[in-house]
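*Asks:* sharing a model that was predicted from the sequence below.
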Amino acid sequence: MMRRARGPMRRPRQGRASAGLGPPLSPRTCWGLLMLAVGSVVAVYLLALLRTLRLSDEDLRDLTTSIDPISDAQLGILIRGRGTIGPAAGNGLAGGEARMPPGARPEPRLPKPFLDPVVPPAGLLDGWDETHGSGAQAVRATNPEMGGAEGGAASSSSSSDMHVVFSTDCSPYQNWQSILLFYSSLAVGQPGLLTRIASGCSEMEVAALRTMHAHMPPHFRVHFTPDFSFDKATGKKYYFYNKPFGLLHWLDHGNVDPDTIVALVDPDMLFMAPLTGFYPSGSYLATSPWKQQGEVWSKVEKGKPAGQQYGLGDRWRRFNREYICGAGSPCTTIDSLTAHKYFPVGPPYIAHVSDMRQIAAKWVEFVPKIYEEYPQLLAEMYAYCMAAAHLGLRHARLDHHMVSNTGAGGEGWPWVDSMG
């Protein structure tokens, strides 16, 4: 059937159509093309701005000195970042470059953050000798092969101090995350050692990071590992392999105090208060089925680990547990209530070094099997849950160690609210 035309018949226009130029553009189309042009100009401008953006020493000092710890020094909270601070990814080189002769190969270059290692802002280390017994001048002159870098001299810290570690690659993005994490720990007076586990760095990147650590306090360390992110089964990269594999490499090769407490955090976190692993009655936050008073052990020690509550639930119980953990493993018989209460934890993970070594060994064993069944972002977190369950290492599942999203439950927002 033929659809009836509405309105009077009109004669075709002459001019543009008859000249082969097509019908005239509608106002809506013209407006869309204009917005596209304006958007392109804005995008080019923003790209140029990002390529030249740098975080100055003054900006960095303002940032770190504005972080005030909460009143109770024994209560640790970290805040998880949602964006990036510092230069955008890319080489970030300023100025022009000389033209290369035909056929010549350019020398490899490092991003600007590597070429100009960030030195702690002037005055940030003042008083270091009074509070840590090292001397600010000695800190500034630290040999990267000694106190402030991989395989350094034995720590002068007490063996009861916490050793905080975090896993990164060697990208400019995670270099700036690491620097802010280091400085936030300094601003709140975090006790003990703080080690960056850097995986997959080139020789030039290793040298640059050693140079940077020569300008940092000696308890800020870096440990280098191979790149573990390649998944043999799929032939793809799963970058989060570097966390469990890097942790185990550090535990095996990092000259770790055999009686220390290890806290594994993420590089996108900033300290708001010291992290200690002590939980006197009434000084922690925990949601059901945990009780607010008396049920959580008073401190992390051997056989008594702790972790931040995450919304992982008991999802891992639906995985092929016999294949992942092995027939007869305790992880195959855990009920839902127990799984919810003790194991849905994430960074900061806090455990005695002997417990952390056992967990890390099973973590690296389980995570490829889980990724085979569940090739998603959270595979490595579920692998930690299953490793702890397999070993019978029940965790104090706490809320107050991290804040990230005001709409998320099980985080330390009640303490933040009480500060204002």
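*Replies:* Thanks, I have it. Predicted model only: the values in this text are computed from it and were never measured.

*Asks:* just the helices in the chain please.
*Replies:* 27-52, 57-65, 112-115, 128-132, 136-140, 172-188, 203-213, 242-253, 321-325, 336-342, 353-373, 379-391, 413-419 (DSSP state H).

*Asks:* from H400, how far off is A339?
*Replies:* 22 Å (Cβ to Cβ, to the nearest Å). (Each C-beta comes from the backbone N, C-alpha and C, glycine too.)

*Asks:* now swap in E380 and tell me
*Replies:* Distance from E380 to H400, by Cβ to Cβ: 23 Å.

*Asks:* likewise V222?
*Replies:* When V222 is compared with H400 (using Cβ to Cβ), they lie 29 Å apart.

*Asks:* still on that earlier bit, in terms of neighbours, single out the busier of A339 and H400.
*Replies:* H400 (23 against 20; other Cβ atoms under 10 Å).

*Asks:* coming back round to it: out of the helices of the chain, which is closest to V165?
*Replies:* With distances scored as Cβ to Cβ, the stretch of the helices of the chain nearest to V165 is helix 242-253 (6.4 Å).

*Asks:* what about the closest one, average pLDDT?
*Replies:* Per-region confidence: helix 242-253 scores 97 on mean pLDDT.

*Asks:* taking helix 353-373 as reference, get the angle to it.
*Replies:* With axes from the mean of the first three to the mean of the last three Cα atoms, to 10 degrees applied, the angle from helix 242-253 to helix 353-373 works out at 150 degrees.

*Asks:* quick one: helix 242-253 to helix 379-391, angle?
*Replies:* Put simply, helix 242-253 runs at 50 degrees to helix 379-391, going by the same axes, to 10 degrees.

*Asks:* what packs against helix 242-253?
*Replies:* If you count contacts as 3 or more Cβ pairs under 8 Å, 6 or more residues apart in numbering; DSSP states H and E, helix 242-253 packs onto strand 162-168, strand 194-199, strand 220-225, strand 261-265, helix 353-373, helix 379-391.

*Asks:* and those as TSV, adding distance to K236 and mean neighbour count?
*Replies:* Formatted as TSV, the helices and strands packed on helix 242-253 follow (distance: least, Cβ to Cβ, whole Å; neighbours: other Cβ atoms under 10 Å):
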stretch	distance to K236	mean neighbour count
strand 162-168	19	25
strand 194-199	17	24
strand 220-225	20	24
strand 261-265	25	28
helix 353-373	10	21
helix 379-391	12	25
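
*Asks:* ranking the helices of the chain by burial, who's on top?
*Replies:* Ranked by mean neighbour count, those are led by helix 379-391 with a mean of 25 (mean count of other Cβ atoms under 10 Å).

*Asks:* alpha carbons of it, as PDB, please.
*Replies:* Extracted as PDB, the C-alpha positions of helix 379-391 are listed here (Å, rounded to 0.1, in the frame of the first residue of the first chain):
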ATOM      1  CA  ALA A 379      40.000 -13.100  40.500                       C
ATOM      2  CA  GLU A 380      43.100 -12.400  42.600                       C
ATOM      3  CA  MET A 381      41.000 -11.100  45.600                       C
ATOM      4  CA  TYR A 382      38.900 -14.300  45.600                       C
ATOM      5  CA  ALA A 383      42.100 -16.300  45.400                       C
ATOM      6  CA  TYR A 384      43.300 -14.600  48.600                       C
ATOM      7  CA  CYS A 385      40.000 -15.500  50.300                       C
ATOM      8  CA  MET A 386      40.400 -19.100  49.200                       C
ATOM      9  CA  ALA A 387      44.000 -19.300  50.300                       C
ATOM     10  CA  ALA A 388      43.100 -18.000  53.800                       C
ATOM     11  CA  ALA A 389      40.200 -20.500  54.000                       C
ATOM     12  CA  HIS A 390      42.400 -23.400  52.900                       C
ATOM     13  CA  LEU A 391      44.900 -22.600  55.600                       C
END
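
*Asks:* now do that helix and strand 261-265, the angle between them.
*Replies:* Going by the same axes, to 10 degrees, helix 379-391 makes 150 degrees with strand 261-265.

*Asks:* turn the helices and strands packed on helix 242-253 into CSV, columns for distance to W176 and mean pLDDT.
*Replies:* Below are these laid out as CSV (distance: least, Cβ to Cβ, whole Å; pLDDT from 0 to 100):
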stretch, distance to W176, mean pLDDT
strand 162-168, 11, 96
strand 194-199, 12, 97
strand 220-225, 15, 96
strand 261-265, 16, 97
helix 353-373, 27, 97
helix 379-391, 23, 97
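
*Asks:* quick revisit: if we compare the helices of the chain, which one ends up closest to L285?
*Replies:* helix 413-419 (6.3 Å).

*Asks:* so R394 makes contact with Y342?
*Replies:* Yes. Assessed by Cβ atoms under 8 Å, R394 is found in contact with Y342 at 3.9 Å.

*Asks:* who's in contact with the closest residue to I197 other than its chain neighbours?
*Replies:* The shortest distance from I197 to any non-neighbouring residue, by Cβ to Cβ, 6 or more residues apart in numbering, is to G246 (4.3 Å). With contact taken as Cβ atoms under 8 Å, 6 or more residues apart in numbering, G246 is in contact with 167, 197, 199, 225, 228.

*Asks:* the nearest residue to the third one once chain neighbours are set aside and A37, how far apart?
*Replies:* Nearest non-adjacent residue to S199, counting by Cβ to Cβ, 6+ apart: N242, 4.1 Å away. With the distance defined as Cβ to Cβ, N242 ends up 43 Å from A37.
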